[in-house]
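> What follows is a protein structure lacking sequence information:
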């Protein structure tokens, strides 16, 4: 059956694994088929070959299925993901898992800027580095970066946790709301209203839980090496005396 | 009586530069150390549609009979790429205004009124409410930098998506919803603590220019299976290039908002000094569409200071496909109604001038999250008023179109217009009345 001809009925009739080769099919055909998937679909594992940096791969999926992408992806891969588990065996372009609502996205390589931007939920794991604005305006997502993150990461972060094994660039957590930031390495500078806070046991427990969800073996990381950053909450309500902070 | 008492004296004279309002603002700034924040659009007089007149039919043109001959008003938006374009019965839409800035009752009333006459409403920052989706037969879902409340379920419920780059009151600016309007419900929808000032970023978090926007729009189309028309909204500042870039980015519809367009809240200095009037913006935007061969293929919606059917007709004659109203819609609902004059006075203002929408104390129950104030607005009655007003706008536009001999309001054209002032003639690209002179054109200067 041609992938383009897939429909909801066909999805329930075919094998539990589906292979989609983007060398011969379009992203539109792939996404249209993925959008027909549901809790009841027989097709549980979708393999995507030859992504070759194409944009919006697996964007808008709303089903608890697994998607494995064999190669590099362009912008907005897994954008607005709900419930799906997406593994990218390569690097990811701008805005991977942007506005994710739930589910799991794993980038095996590096991620470009705005990874996990505005995401409301789910878990984003990046094995390599993430560029600027990682977790910008995050609204509940958890992000684990095993490398370093670029400047302005977690800018205006509202909720969720950003855990960075490496270093953070300039202006980490600028204008932060209630997102929780943990960085093991150095931080070049903190943004407006972002301060270092005491790392207590409950925070170590939180990190441990997120790392376990990310598939990192308990005990393999010394949690005490992380530093915690959060909002000073001094800019929550505008006051002229704080004008030079903006 | 002494000579001193009989000597004629000149009346006290206020400076045109340092007028009483300016002086009061200097005193207020000196006392507080902070700029003035308010809602609405520019209050200064700028060249506007009032400076244009229609040339009715006469010997050289045949008019249409006002009560006999059809004059169409329907508009189709999103014909470029969307599988499901929007069909409006009238060329007037309701501009984006958020739940948060407005009460839930006001949003519901907007939906009710618009649906009665067959047009659309638009969400605003903070997401989609059941009240608005439930009452708006055609709902445009704004995609803003903050992404407050943004989710794919609501995205798919929408009839169109409007990517907001800017708005006329503050092109280049973000927004702020002050803590007093962040109720439990507003806070929950925006994933923020109650009572804090909620900032809306001025730039999108995951794209930075037109090349990126093209890919962003592609993503939105993919998520919604290419069904929804995608608008791009810009504040009027460089309309030729902004329109061209929006088309290049893949927009189905360009929304162009002039400086008279309102905002829920921003600095007065921003409102009054950044951006250009809608009159100056339409022709360059239309020119961009024409240069790209996209006029009428990518639709143009203009807004900012639309009040009457004459304004609607003039905007369409200059090349727009439809207009949006915001401030006028709120007035139709009951905003700034003299009925509440005593309460406006208690707030230090007067009906017609009240613009502290950000404070959430609106006596009319529209720009507030106070449950008691909001309960004053009956969404059914207010929706009916809005529908009536929208009908009048449409009837007035038809009246003018027929007088110009047009069987559809879209057949109005710049040739039907003249200008009363040199400035308006230059901005609108139509002759000064009684002449053939278009400043800046015809080899002119």
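Arrived safely, thanks for sending. Here the structure is a predicted model, which is why all the values come from computation and not from measurement.

> isn't residue A:111 right up against residue A:92?
Yes. Assessed by CB atoms under 8 Å, residue A:111 is found in contact with residue A:92 at 4.6 Å. Any C-beta I mention is one placed from the backbone N, CA and C, and that applies to glycine too.

> residues in the stretch 51-200 of chain B within reach of chain A, list them.
Within the stretch 51-200 of chain B, the positions adjacent to chain A are B:146-147, B:150-153, B:155, B:176, B:178-179, B:190-193, B:195-197, B:199 by CB under 8 Å from any CB of the partner chain.

> In strands only, show me the residues you listed.
B:176, B:199 (DSSP state E).

> pLDDT averaged over stretch B:90-107, what's the number?
Mean pLDDT, stretch B:90-107: 95.

> Centre of the chain to that stretch, how far?
Its chain's C-alpha centre and that of stretch B:90-107 lie 11 Å apart, by CA atoms, centre = their mean, to the nearest Å.

> can you give me the end-to-end distance of that stretch?
End-to-end span of stretch B:90-107 (CA to CA, to the nearest Å): 20 Å.

> residues in contact with residue A:89?
A:68-71, A:108-109 (CB atoms under 8 Å, 6 or more residues apart in numbering or on different chains).

> what ranges do the helices span in chain A?
For chain A, the helices defined by DSSP state H cover A:8-13, A:27-36, A:201-213.

> Tell me which of those sits most buried.
Ranked by average neighbour count under the criterion mean count of other CB atoms under 10 Å in any protein chain shown, the helices of chain A are headed by helix A:27-36 at a mean of 21.

> Could you see whether chain B lies near it?
Yes. For helix A:27-36, a contact with chain B is found by CB under 8 Å from any CB, at A:27-28, A:31-32, A:35.

> Check which helices and strands that helix is in contact with.
The contact analysis (3 or more CB pairs under 8 Å, 6 or more residues apart in numbering or on different chains; DSSP states H and E) places helix A:27-36 against helix A:8-13, strand A:17-21, helix B:210-223.

> and if we set it to 10 Å?
Contacts defined by 3 or more CB pairs under 10 Å, 6 or more residues apart in numbering or on different chains; DSSP states H and E place helix A:27-36 against helix A:8-13, strand A:17-21, strand A:45-49, strand A:66-70, helix B:210-223.

> Buried ones among the residues of the stretch 51-200 of chain B next to chain A?
For these, a burial check counting by 16 or more other CB atoms under 10 Å in any protein chain shown picks out B:146-147, B:150-152, B:155, B:176, B:178-179, B:190-193, B:195-197, B:199.

> what's around residue A:95, how many residues?
For residue A:95, the count of nearby residues is 35 (other CB atoms under 10 Å in any protein chain shown).

> What separation do you get for it and residue B:172?
Using CB to CB, to the nearest Å, residue A:95 is found at 23 Å from residue B:172.

> ditto for residue B:332
30 Å.

> ditto for residue A:227
Distance from residue A:227 to residue B:172, by CB to CB: 36 Å.

> neighbour-wise, which of the two wins?
residue A:227 (18 against 14).

> Hmm, residue A:180 and that one touching each other?
No. Using CB atoms under 10 Å, residue A:227 is not in contact with residue A:180, being 11.8 Å away.

> Neighbours of the closest residue in space to residue A:173 that isn't next to it in sequence, how many?
Closest residue to residue A:173 apart from its sequence neighbours, by CB to CB, 6 or more residues apart in numbering or on different chains: residue A:194 at 3.3 Å. If you count neighbours by other CB under 10 Å, residue A:194 ends up with 24.

> Residue A:194: what's it in contact with?
Neighbour list for residue A:194: A:154-155, A:157, A:171-176, A:179, A:181, A:187, A:229-232 [criterion: CB atoms under 10 Å, 6 or more residues apart in numbering or on different chains].

> Swap in 7 Å and give it another go.
A:172-174, A:176, A:229, A:231 (CB atoms under 7 Å, 6 or more residues apart in numbering or on different chains).

> How about whichever residue of chain A sits closest to chain B: what's its closest non-neighbour residue?
Closest contact between chain A and chain B, by CB to the nearest CB, is at residue A:60 (3.2 Å). With CB to CB, 6+ apart as the criterion, residue A:60 has its nearest non-adjacent residue at 3.2 Å, and that residue is residue B:223.

> my guess is the one you found contacts residue B:153, does it?
No. Contact criterion CB atoms under 7 Å: residue B:223 and residue B:153 do not qualify, at 10.9 Å.

> Right, I'll leave it there.
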